[in-house]
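[1] Structure, please.
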Amino acid sequence: MPVRLRRTALTLAVTASTAVLATACTGSAGNTATDDANARTTITFWHGWSAPAEVKAIQDNVDRFEKAHPNITVKVVGNINDDKLNQALRAGGSNGPDVVSSFTTANVGKFCASGALADLAPFIAKDKLDLDKTFPKVLQEYTQFEGRRCTLPLLSDAYGLYYNKDAFEAAGITAPPKTWSEFTTVAKKLTKHKGDSYEQLGFMPNYLGYETVVSHYMSQWNHRYFDENGKSNVAKDPAFAEMMTYQKSLVDGLGGFAKLDRYRTTFGDEWGAKHPFHTGQVAMQLDGEWRLNFLKEAKVGFEVGVAPLPVADDEVAEYGKGYLSGTIMGIAPQSRKQNAAWQLVKYMTTNTEAVVNFANGIGNVPSTLEALKSPALKFDPRFKTFLDIAQHPRSTTSDGAVNGSAYQDTLSSFAQKYEKGQVEDLRKGLEETAAQIDRDIAQAK
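    Residues are numbered from 1 along each chain as shown. Below you'll find the predicted structure:
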């Protein structure tokens, strides 16, 4: 997101189950809504955006909502990080939010399983909202867990490949690579070694290289994190070993982990003007659609191209797919104004005009099928690549789990050891990792 700060650093820690109080309710049986959605009321909406343009875009949408719902006033509170949000949801009370948004889709499983966010199914049923006709399939998947829907998508993110067209031309490369074997060749061609460092690096493959994380790599291989019994599949599904073997070969082929990591420490902040892609230190970058706005703000001195990430060599027919995530929106279970809160959630997430205006305001991918096709969308022509990735039938996201992103953290920790050469037996290591993931999930239930 343009100036959406610290997406990958934010992690929700919903460690306590929040009981959902059962009362009579006109909108959500089993939740605490007792309000009349048509009565004059004030609700509180907490969100995490903090940059001026983002805050303005949120407020503009809220203003439009209030105009359409003159009986509901929305008190907007921004720059709420996930720790503050978690504390408020656990504590309850009248001083907390009625409506919340979060940047962390990986923890929807924890949100829904623990009751930290209210069940939206009764509201959806009451308003006869057809989710299949409203949201892309992947977005539907990451906003629910095991049949319990406690969030809806509020804009989305698609990940692709940014490349320095000037560097491509200088190296005699005429098109972005479509397979990972092609990618290796291109990355090596673009790399200019300089002693124990680099004058230019084709690509930073290390897992700490900003968005080069396990889940983003895995999106380009057909894979399943869990089997039909809910057990970790990372040792049984060959895609995980294939991805890690490829990633390590790329690390080794571009100079080795130690040399790459020393170079990585010279990089500027991911969210600042000195990002290594902006400065020309790296010629290709795995990133989301929001990077387009950052490039514009940084006034980079070269032409930038965008393309889907490469795919596994035997999956070339699926080129164009990618990893998807986004912002989620839900209702606090302790709120006594859930019917009014639902009106805001429904407006922000399903009203085409609202979704399009918000997408235009902060440079994210629209999250509804209608908004994705809207002629009112305003964007850099390169943005269409991300719109296409968002609608690709083979694009994926991370699976939900009762303990949120913990399984991803465990897998990532192992992958980081493997890329450093600290793991002698990849298969054995994946089996041990799978066993740890299963133990953690069983303990969380």
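[2] rest of the way, CA atoms for contacts and neighbours
    Fine.
[3] Give me the neighbour count for the closest residue to A39 other than its chain neighbours.
    Excluding its sequence neighbours, the residue lying closest to A39 (CA to CA, 6 or more residues apart in numbering) is N71, at 6.2 Å. N71 has 14 neighbours, counted by other CA atoms under 10 Å.
[4] how about N71, what does it touch?
    N71 makes contact with 38-41, according to CA atoms under 8 Å, 6 or more residues apart in numbering.
[5] Next up, phi/psi of it, please.
    phi -80, psi -10 (degrees, to the nearest 10).
[6] separation between it and D36?
    11 Å (CA to CA, to the nearest Å).
[7] Tell me which stretches of the stretch 151-300 of the chain form helices.
    165-170, 180-190, 214-218, 238-253, 257-264, 276-279, 291-298 (DSSP state H, counting those that start in this stretch).
[8] quick one: contacts of the first one?
    Residues outside helix 165-170 that contact it (CA under 8 Å, 6+ apart) are 174, 190, 283, 302-305.
[9] and if you look at the fourth one?
    With contact meaning CA under 8 Å, 6+ apart, helix 238-253 is reached by 184, 188, 205-206, 217-218, 221-223, 234-235, 257, 260, 415, 418-419, 426-427, 430.
[10] Which of the residues you listed are buried? Put it as a PyMOL command.
    Those of the contacts of helix 238-253 that count as buried under 16 or more other CA atoms under 10 Å are selected in PyMOL with:
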select buried, resi 184+188+205+206+217+218+221+222+234+235+257+260+415+418+419+426+427+430
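[11] Tell me, how many residues neighbour the residue nearest to T42 when sequence neighbours are not counted?
    Spatially, and ignoring its direct neighbours in sequence, T42 is nearest to T73 (4.6 Å; CA to CA, 6+ apart). Neighbour count of T73, defined by other CA under 10 Å: 18.
[12] Just confirm T73 is within a helix.
    No. T73 sits outside any helix when classified using DSSP: H, G, I helix; E, B strand; the rest coil, being strand.
[13] what separates it from D127, distance-wise?
    21 Å.
[14] Considering the contacts of N71, which possesses the most neighbours?
    Within these, neighbour counts (other CA under 10 Å) peak at T41, which reaches 15 neighbours.
[15] Please tell me how far the closest residue to that one other than its chain neighbours sits from F45.
    Leaving aside its sequence neighbours, T41 sits nearest to I72 (CA to CA, 6+ apart; 5.2 Å). For I72, the distance to F45 equals 12 Å [CA to CA].
[16] Looking at the two, which is more packed in?
    F45 (24 against 21).
[17] isn't there a helix covering P333?
    No. P333: not assigned to a helix; according to three-state DSSP it is coil.
[18] Count the neighbours of it for me.
    Neighbours around P333, by other CA under 10 Å: 28.
[19] do C150 as well
    Neighbours of C150 (other CA under 10 Å): 26.
[20] so what's it up against?
    Applying CA under 8 Å, 6+ apart to C150 gives the contacts 108, 111-112, 117-121, 143-144, 330-331.
[21] Could you give the number of residues near A125?
    Using other CA under 10 Å: A125 sits among 12 other residues.
[22] repeat for R291
    Quick note: R291 (other CA under 10 Å) scores 23 neighbours.
[23] if we can go back for a sec, V234 versus the residue nearest to T41, what's the distance?
    48 Å.
[24] So which bits of stretch 222-230 are buried?
    Within stretch 222-230, the residues that count as buried by 16+ other CA under 10 Å are 222, 224-226.
[25] could these go into a markdown table alongside pLDDT and distance to W180?
    Compiled in a markdown table, these are given as follows (pLDDT from 0 to 100; distance: CA to CA, whole Å):
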| residue | pLDDT | distance to W180 |
| --- | --- | --- |
| N222 | 97 | 14 |
| R224 | 96 | 20 |
| Y225 | 97 | 21 |
| F226 | 96 | 25 |
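[26] can I get these in TSV with distance to L131?
    What follows is those, written out as TSV (distance: CA to CA, whole Å):
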residue	distance to L131
N222	25
R224	24
Y225	25
F226	25
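[27] Quickly note the distance from R439 to K133.
    Distance of R439 to K133, computed by CA to CA: 38 Å.
[28] I meant to write F111 there.
    25 Å.
[29] Same question for L295.
    From L295 to K133 the distance is 34 Å (CA to CA).
[30] Test my guess that H275 contacts R264.
    No. Counting by CA atoms under 8 Å, R264 is not a contact partner of H275; they are 10.8 Å apart.
[31] Tell me who's in contact with T352.
    368, 370-371.
[32] I misspoke; the intended subject was D196.
    D196 neighbours (CA under 8 Å, 6+ apart): K259.
[33] please renumber so the chain begins at 3
    Sure, I'll start counting at 3 from here, so that last one is D198.
[34] Need phi/psi at it.
    phi -90, psi 20.
[35] and F279, how many neighbours?
    26.
[36] Please look at it and M286 and confirm they touch.
    Yes. F279 is in contact with M286 according to CA under 8 Å; the separation is 7.0 Å.
[37] all strands for the protein, in order.
    43-48, 74-79, 101-104, 146-147, 150-151, 154-166, 194-196, 199-205, 284-290, 306-309, 326-333 (DSSP state E).
[38] out of the ones you listed, nearest to A378?
    strand 154-166 (15.4 Å; CA to CA).
[39] helices and strands around that closest one, which ones?
    Judged by 3 or more CA pairs under 8 Å, 6 or more residues apart in numbering; DSSP states H and E, strand 154-166 is in contact with helix 139-144, strand 284-290, strand 306-309, strand 326-333, helix 340-352, helix 354-364, helix 386-393.
[40] where does this structure have low pLDDT?
    Within the chain, the set of residues satisfying pLDDT under 70 comprises 3-36, 95-96.
[41] ok so, going back, which among the contacts of C152 gets closest to A343?
    Nearest member of those to A343, counting by CA to CA, is I333, at 6.7 Å.
[42] residues touching the closest one, list them.
    Shown in contact with I333 (CA under 8 Å, 6+ apart): 100-102, 119-120, 152-153, 340, 343-344, 347.
[43] Going by neighbour count, which residues in stretch 63-73 are buried?
    Applying 16+ other CA under 10 Å to stretch 63-73 flags 63-64, 67, 71 as buried.
[44] Keeping just the C-alphas, turn that stretch into PDB.
    Coordinates of each C-alpha in stretch 63-73 appear next as PDB, following Å, rounded to 0.1, in the frame of the first residue of the first chain:
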ATOM      1  CA  ASN A  63     -15.100   7.100   2.500                       C
ATOM      2  CA  VAL A  64     -16.500   7.600   6.000                       C
ATOM      3  CA  ASP A  65     -17.900  11.000   4.900                       C
ATOM      4  CA  ARG A  66     -19.600   9.300   2.000                       C
ATOM      5  CA  PHE A  67     -21.000   6.600   4.400                       C
ATOM      6  CA  GLU A  68     -22.400   9.200   6.800                       C
ATOM      7  CA  LYS A  69     -24.100  11.000   3.900                       C
ATOM      8  CA  ALA A  70     -25.700   7.800   2.900                       C
ATOM      9  CA  HIS A  71     -26.500   6.900   6.600                       C
ATOM     10  CA  PRO A  72     -27.300  10.300   8.200                       C
ATOM     11  CA  ASN A  73     -28.400   8.600  11.500                       C
END
